[in-house]
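Trainee: Provide a 3D model corresponding to the input given below.
(2 chains, ligands or ions: 2)
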Amino acid sequence: MYVYDQYDQQLLNERVAQFKGQMERYLDGKISEEEFLPLRLQNGIYVQRYAPMLRVAVPYGALNSAQVRKLAYVARTYDKGYAHFSTRQNVQFNWPELSQCPQILADLAEVEMHAVQTSGNCIRNTTTDEYAGVIAEEVVDPRPYCEIIRQWSTFHPEFAFLPRKFKIAVNSVPGEDRASIAMHDIGINIVKNDAGEVGYRVLVGGGLGRTPILGEEICAFLPEEDLLTYLDATIRVYNQFGRRDNKYKARIKILVKALGIDRMRELVEEEFNRIKEGEGKLTQAELERVKQYFTDPAYKALENEPAALVEARSDNKAFARWLERNVRAHKKSGYAVVTLTLKQIGTPPGDVTAEQLDAVADLADEYSFGELRSTHQQNLVLADVEQAELFALWQKLKALGMATPTLGLLTDMICCPGGDFCALANAKSIPVAEDIQARFEDLDYLWDLGDIDLNISGCMNACGHHHIGNIGVLGVDKKGEEFYQVSLGGNSGGNKADDASLGKILGPSFARDAMPDVIAKILDFYVTSRHEGETFLEAYRRIGHTPFKEAVYGKAD
Amino acid sequence: MAKLINTTGLIQDTELTQVTLSEWQENSASLKGQSLELVLTSDQTADLFGEDADNFARISIEFPKFTDGRGYSAARLLRERYGYKGELRAIGDVLIDQLFFMKRCGFDTYALREDQVLEDAIAAFSTFTAPYQNDANDQRPLFRRRLN
Ligand code: HEM
Ligand code: SF4
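Mentor: Ligands and ions are numbered 1, 2, ... in the order given. Below is the predicted model of the structure:
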């Protein structure tokens, strides 16, 4: 994991001091509410329905145990004892006092954490594959590239007041899209060309929200050292020509649509060609410097499938299930990658208590070289667990409620905070998630259904990614009442390249209490119509929209 | 009245002949050779006149709202793409908390909005000691500057 040097730490300490000063001037009345807004946003503070929310950055999902303990401390000291993992791998606190935020940020800075640029119209936290560095399939470990992007984007002098927020995601697994890059403002696919050189295939103009659009290819192969200058050129074009008159038309996706991808490419390349050989060009020395922080930990020489594991698996069906669903192959023999699911019935997806955080930090120290990752599906990952320890780990996770063997299944939902917390919501989303979880509790049934993404957003801002759920649920307001619109066929990219798709609306919306039945009808239709081995998405794509619609609403005459 | 400053304190203004971009474009032949200040609105991008930048002793870039960040790109492009060496002034909604960015993008004078506190403004120019990126004042990003 990246470790700060004196430069990184100095910048962060100066940031803490800067925001402390800004908060003091604000409380003294020297900065107006309106002028303070972007300052607090760029320090992660969003004012929501009941209290400010503090969004702490977890750069590309990487955490160490000291950081997790600090998050637990913050949850306990300044909040109501819990924290929330978001769909951008970040952590949110829902109940801090505004005036305490500078102190929280100072506490976080002690463990190299911050809330820099987690909100506001600037370049946000870069996200990537939570399995980065531990799976054999990747071209190279994407984390050094993410760290380089993090540094380049942090306090970028030119891009602090873009037309709108700007999100970058990086994928490094060929033939897959493990970071939903097609729905980001810039999506970077790390690839190798025919000569075996590392570079990037770059997508631009993806995004969800009111106008969901998938990113288009702007560059088929960008050489490794051209990363930062190309980003500079692209965002410079956006900063000058992106719309600023209407915030719903201000994302880069609208500019790309207006100009057309070819004109956009021309403008970007014109600027890029000017700066590409300048001093801003990334160097191999810098790549090497950053990569050295992401070398393998001290793995032992171990065999796959040790006897202890084989035995425990055959003795214990529940353990075997968990292995099959929540544990995946590691690049190193004798090790495994374990996902801790934060999707227990009765708690909002992504929520963890301070006690759970402390316990998880201990588990990271004991089983996984003191490191953890957060995922864009709102789960946690222990990336380097010895296979022989899996049974012991599973027992401890079970006691913590983090071993539900449902990764990727229906109840492993993505859900935004919705009307319980968010002032923009049309409808609550958490209770819908809970109702569905309660209805589809039966593990055998969930297993039989197989891989399904169900995503819920409380309004069209789409924080819950409903457009790219195989089943998407969107809260809508009908004459002051909460209703839910269902869409089918969305896909985040998942295990096939260029396979992302946006869901199609099924029909008129439903009242909340009807939702479990609606989902049940959709699932029943899938189960009775599927071919052997066909996932929900595959079946939907084969059968088409109308039969699903009829299964829910009945046949139109 | 705005407070006119550089990074160290209040400064005196110099009188120049002010022109807008369209005035310049229509009358450049007769204006050439005078001591000129080009006053740019935020939707006027540097590519529209960059080649002519040398004709102006000062280019003032307007920030109609501090949240309108187009002026940062205009300033950098003037300095870095068109090699502009004259005075670059930030005008309009110029607030303390944007000064550090402005300086890095190549501005050298600032018409600070009148309600802003002078001492706080001067202090803001030294917010960060060693930023990560290259900028208009130093073409080297931190990775070409760092000592270790
Ligand atoms: C409760 C307070 C929250 C508020 C007020 C809020 C507000 C918003 C708004 C206004 C947008 C739309 C911006 C745009 O389209 O340009 C947005 C997008 C987004 N939010 Fe939130 N949000 C909140 C919480 C969350 C949480 C908890 C998550 C993660 C679980 C989240 C994840 C996202 C994501 C991923 C997007 C981007 C969708 C896209 O690409 O357009 N938000 N949010
Ligand atoms: S999708 Fe809407 S309701 Fe949900 S958190 Fe985002 S803004 Fe709030």
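
Trainee: Just checking the longest helix seen in chain B against chain A, any contact.
Mentor: With DSSP state H setting the assignment, residue counts place helix B:21-31 as the longest helix in chain B. No - counting by CB under 8 Å from any CB of the partner chain, chain A has no neighbours in helix B:21-31; the shortest distance is 14.8 Å. For the C-beta atoms, the positions are set from N, CA and C on the backbone; glycine is no exception.

Trainee: in that helix, what counts as buried?
Mentor: Applying a neighbour-count criterion of 16 or more other CB atoms under 10 Å in any protein chain shown, one finds B:24, B:31 buried in helix B:21-31.

Trainee: swap in stretch A:481-488?
Mentor: Taking 16+ other CB under 10 Å as the basis for neighbour counts, the residues of stretch A:481-488 that come out buried are A:482-488.

Trainee: Let me see the residues that make contact with that stretch.
Mentor: Contact partners of stretch A:481-488, identified using CB atoms under 8 Å, 6 or more residues apart in numbering or on different chains, comprise A:419, A:426-428, A:432, A:466-467, A:469-477, A:503-507, A:509-512, A:515, A:518, A:522, A:540, A:545, A:548, A:552.

Trainee: Sitting in strands, which of those do you find?
Mentor: Among those, the members falling in strands (DSSP state E) are A:471-477, A:504-505, A:510-511.

Trainee: could these go into TSV alongside distance to A:Ser374 and neighbour count?
Mentor: Written out in TSV, the entries for these read as follows (distance: CB to CB, whole Å; neighbours: other CB atoms under 10 Å in any protein chain shown):
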residue	distance to A:Ser374	neighbour count
A:Ile471	24	29
A:Gly472	23	28
A:Val473	23	29
A:Leu474	25	26
A:Gly475	25	26
A:Val476	30	16
A:Asp477	31	14
A:Lys504	31	15
A:Ile505	31	14
A:Phe510	32	19
A:Ala511	34	12
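
Trainee: okay, the residues you listed in TSV with distance to chain B and pLDDT next?
Mentor: As requested, the ones in strands among the contacts of stretch A:481-488 are exported to TSV (distance: CB to the nearest CB, whole Å; pLDDT from 0 to 100):
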residue	distance to chain B	pLDDT
A:Ile471	38	97
A:Gly472	32	96
A:Val473	33	97
A:Leu474	29	97
A:Gly475	29	96
A:Val476	30	95
A:Asp477	29	92
A:Lys504	36	95
A:Ile505	34	96
A:Phe510	39	96
A:Ala511	40	95
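
Trainee: Next, see if stretch A:151-160 gets close to chain B.
Mentor: Yes - counting by CB under 8 Å from any CB, chain B is contacted by stretch A:151-160 at A:151-152, A:154-160.

Trainee: Identify the residue of the stretch 201-350 of chain A closest to ligand 1, quick one.
Mentor: Distance from ligand 1 to each residue of the stretch 201-350 of chain A (CB to the nearest ligand atom) is smallest for A:Gly209, at 3.0 Å.

Trainee: number of nearby residues for A:Asp177?
Mentor: A:Asp177 has 25 neighbouring residues, counting by other CB atoms under 10 Å in any protein chain shown.

Trainee: any idea what it is structurally, helix, strand or coil?
Mentor: For A:Asp177, the assignment made with DSSP: H, G, I helix; E, B strand; the rest coil gives coil.

Trainee: Also A:Arg15?
Mentor: Reduced to three states with three-state DSSP, the structure at A:Arg15 is helix.

Trainee: and it, what does it touch?
Mentor: Applying CB under 8 Å, 6+ apart as the definition, the contact partners of A:Arg15 turn out to be A:43, A:105, A:109, A:114, A:116, A:155, B:128.

Trainee: what are the ranges of the strands in chain B?
Mentor: B:3-5, B:17-20, B:36-40, B:58-63, B:87-92, B:109-112.

Trainee: buried stuff in stretch A:167-177?
Mentor: For stretch A:167-177, the neighbour count (16+ other CB under 10 Å) marks A:167-173, A:176-177 as buried.

Trainee: swap that for stretch A:97-108, please
Mentor: By neighbour count with 16+ other CB under 10 Å, stretch A:97-108 contains the buried residues A:98, A:100-105, A:107-108.

Trainee: Need those in JSON lines (columns: distance to ligand 2).
Mentor: JSON lines is the format used below for the buried residues of stretch A:97-108 (distance: CB to the nearest ligand atom, whole Å):
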{"residue": "A:Leu98", "distance to ligand 2": "19"}
{"residue": "A:Gln100", "distance to ligand 2": "23"}
{"residue": "A:Cys101", "distance to ligand 2": "20"}
{"residue": "A:Pro102", "distance to ligand 2": "25"}
{"residue": "A:Gln103", "distance to ligand 2": "26"}
{"residue": "A:Ile104", "distance to ligand 2": "21"}
{"residue": "A:Leu105", "distance to ligand 2": "23"}
{"residue": "A:Asp107", "distance to ligand 2": "26"}
{"residue": "A:Leu108", "distance to ligand 2": "23"}
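
Trainee: can you list the domain ranges for chain A.
Mentor: A:135-293, A:414-553 (automatic domain parsing).

Trainee: In TSV: those, plus distance to A:Thr353.
Mentor: Supplementary listing: the domains of chain A in TSV, determined by distance: least, CB to CB, whole Å:
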stretch	distance to A:Thr353
domain A:135-293	28
domain A:414-553	16
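
Trainee: weakest of those by average pLDDT?
Mentor: Confidence, taken as mean pLDDT, is least for domain A:414-553 of these (a mean of 92).

Trainee: Distance from the chain centre to that one, please.
Mentor: Here domain A:414-553 shows a centroid-to-chain-centroid distance of 19 Å under the convention CA atoms, centre = their mean, to the nearest Å.

Trainee: quick one: the residue of the stretch 201-350 of chain A closest to ligand 1 and A:Cys459 touch, right?
Mentor: No - A:Gly209 lies out of contact with A:Cys459 (CB atoms under 8 Å); the separation is 10.0 Å.

Trainee: And the two? Which one has more around it.
Mentor: For A:Gly209 versus A:Cys459, the count of surrounding residues by other CB under 10 Å is larger for A:Cys459: 23 against 19.

Trainee: mind listing what that one touches?
Mentor: Contact criterion CB under 8 Å, 6+ apart gives A:422, A:424-427, A:474-476 as the residues in contact with A:Cys459.

Trainee: restrict these to those near ligand 2?
Mentor: A:422, A:424-425 (CB under 6 Å from any ligand atom).

Trainee: picking up where we left off before, can you tell me which of the strands of chain B is nearest to chain A?
Mentor: Proximity to chain A (CB to the nearest CB) singles out strand B:58-63 among the strands of chain B, at 9.0 Å.
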